[in-house]
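Asks: my questions concern the predicted model and sequence given below.
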Amino acid sequence: MKIAISGKGGVGKTTIMALLAAQLQKEGRDVLVIDADPSPHMAQTIGVENVERITPIADMKEMLIERSGKTPGSPFYQINPQVDDLMERFMLKHDGIRLMVLGAIQTGDGGCACPENNVLRRLLTKLLLGPSQVVLLDMEAGVEHLGRGTIAGADHLLIVVIPTQSSIRTAARIKKLAKDVGIPRISYVGNLIRDKDDEIFLTNALETPPIAFFPDSAAIRKAERDRLPITSTLPQVEESARTLLAALMNKG
């Protein structure tokens, strides 16, 4: 099972992904989380210490250029760079959850970083095609990554949406683009739900109702403020996590 997650900035997609990872691990699954956000913070969310020592693979520019086979002044680079050893070298494990901090190539001047991105795409594809584990892919906020096709290979996309019109509009755009790139299953997950009215609002506003609703949790807010792992709050929201996992399993 290969699951990606996306949504408008600030809707809590990393929180939902971390809680899903913790629930999967609790139920005996082999879980690999790939943090592919340009500003990765999944490590903090699951409680990894000394996160400042983690360098996202996307920031290792010299290594990526070397793996791409690109030589200075040449427009050519390898289409299928060697990445097998990177998959083990850059994984860490915490509380039974394996994590790889991928990051994303950023080109602030608008220039092309095609060779480096090709290495990341190759690495991501090989990870997503591995049959032995549940792979959870935490994407950047918004829709740009879908336009670049960086989640090709995922077989289910979760779109986190909160009960606001702006979140709903972004979620609809993400779903359209996800269909365009051929992701076979797409589902909404409601977050920051305060009452039944919020559930009804999202259910009526979206094309299809969310497969799970997560509460606006005081425990999660406190854990984040106290710099505690969000996964420590799983007991308070486990019913939602179980509902989400059951829906994912039922959808294959």
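Replies: Looks like it came in fine. Residues are numbered from 1 along each chain as shown.

Asks: for stretch 157-165, which positions count as buried?
Replies: For stretch 157-165, a neighbour-count test (16 or more other CB atoms under 10 Å) marks 157-164 as buried. For glycine as for every other residue, the C-beta is placed from the backbone atoms N, C-alpha and C.

Asks: centre-most residue in the protein?
Replies: Asp138 (1.0 Å; CA atoms, centre = their mean).

Asks: dihedrals phi and psi, it?
Replies: phi -90, psi 110 (degrees, to the nearest 10).

Asks: so it sits against Asp35, correct?
Replies: Yes - using CB atoms under 8 Å, Asp138 is in contact with Asp35, at 5.0 Å.

Asks: joint contacts of those two?
Replies: Met42 (CB atoms under 8 Å, 6 or more residues apart in numbering).

Asks: just to revisit the earlier point, dump the residue contacts of the residue nearest to the centre of the chain.
Replies: Per CB under 8 Å, 6+ apart, neighbours of Asp138: 5, 13-14, 17, 33-37, 40, 42.

Asks: cool, and Gly7?
Replies: Counting by CB under 8 Å, 6+ apart, Gly7 makes contact with 13, 141, 159-161, 167, 170-171, 174.

Asks: which strand residues bridge it?
Replies: Following DSSP bridges, Gly7 is listed with bridge partners Val160.

Asks: can you redo the buried residues of stretch 157-165 as a markdown table with pLDDT?
Replies: Listed next are the buried residues of stretch 157-165 as a markdown table, based on pLDDT from 0 to 100:
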| residue | pLDDT |
| --- | --- |
| Leu157 | 94 |
| Leu158 | 97 |
| Ile159 | 97 |
| Val160 | 98 |
| Val161 | 98 |
| Ile162 | 98 |
| Pro163 | 98 |
| Thr164 | 98 |
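
Asks: ok, so of those, who is nearest Ile183?
Replies: Leu157 (4.8 Å; CB to CB).

Asks: and that closest one, which of the three is it?
Replies: Per DSSP: H, G, I helix; E, B strand; the rest coil, the secondary structure class of Leu157 is strand.

Asks: distance of it relative to Ala171?
Replies: 11 Å (CB to CB, to the nearest Å).

Asks: before we move on, what about Ile211?
Replies: Here Ile211 is placed at a distance of 13 Å from Ala171 (CB to CB).

Asks: so for these two, which sits in the more crowded spot?
Replies: Between Ile211 and Ala171, counted using other CB atoms under 10 Å, Ala171 has the larger neighbour count: 27 against 17.

Asks: which residues in the stretch 151-252 of the chain form helices?
Replies: 165-180, 196-205, 218-225, 234-250 (DSSP state H, counting those that start in this stretch).

Asks: same list, these, but as JSON lines with mean pLDDT and distance to Phe90 please.
Replies: Shown next, in JSON lines, are the helices of the stretch 151-252 of the chain (pLDDT from 0 to 100; distance: least, CB to CB, whole Å):
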{"stretch": "helix 165-180", "mean pLDDT": "93", "distance to Phe90": "27"}
{"stretch": "helix 196-205", "mean pLDDT": "98", "distance to Phe90": "37"}
{"stretch": "helix 218-225", "mean pLDDT": "96", "distance to Phe90": "26"}
{"stretch": "helix 234-250", "mean pLDDT": "96", "distance to Phe90": "26"}
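
Asks: pretty sure Glu199 sits against Asn191.
Replies: No - if you go by CB under 8 Å, Glu199 and Asn191 don't touch, sitting 11.3 Å apart.
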